[in-house]
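Asks: mind looking at a prediction? Sequence and model below.
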Amino acid sequence: MTKTQIIPCSNCGDRAVKTINDSIKRISCRSCDYLLVQCAKTGKVIEAYAPGVECHRVNSSFSVSA
């Protein structure tokens, strides 16, 4: 059985579609191209795309001695 809801987009705030079936939860927004696909049982992310959201990396400093 598939359930469909209209929810606010996490990325832009416009209307997004949330679809849940027995194994997959999918949230997508046509306005900003946001996509989140998760396992419905474990919550693990299978695929994600959020344009405009920057990924922050931790920069590590390494010292090299000769």
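Replies: Cool, the structure landed.

Asks: find the residue at the geometric middle of this protein.
Replies: Taking CA atoms, centre = their mean, the centroid of the chain lies closest to residue 36, which sits 3.3 Å from it.

Asks: name the nearest residue to that residue, ignoring sequence neighbours.
Replies: In this structure, residue 36 finds its nearest non-sequential neighbour in residue 27, 4.5 Å apart by CB to CB, 6 or more residues apart in numbering. The way it works is simple: take the backbone N, C-alpha and C, and place the C-beta from them, glycine included.

Asks: kindly list the main-chain dihedrals of that neighbour?
Replies: Main-chain dihedrals, residue 27, degrees, to the nearest 10: phi -120, psi 130.

Asks: and the residue nearest to the centre of the chain, what's its pLDDT?
Replies: According to the prediction, residue 36 has pLDDT 95.

Asks: looking at strand pairing, list the partners for it.
Replies: Counting by DSSP bridges, residue 36 forms beta bridges with residue 27, residue 48.

Asks: and it, what does it touch?
Replies: 10, 25-28, 45, 47-48, 50 (CB atoms under 8 Å, 6 or more residues apart in numbering).
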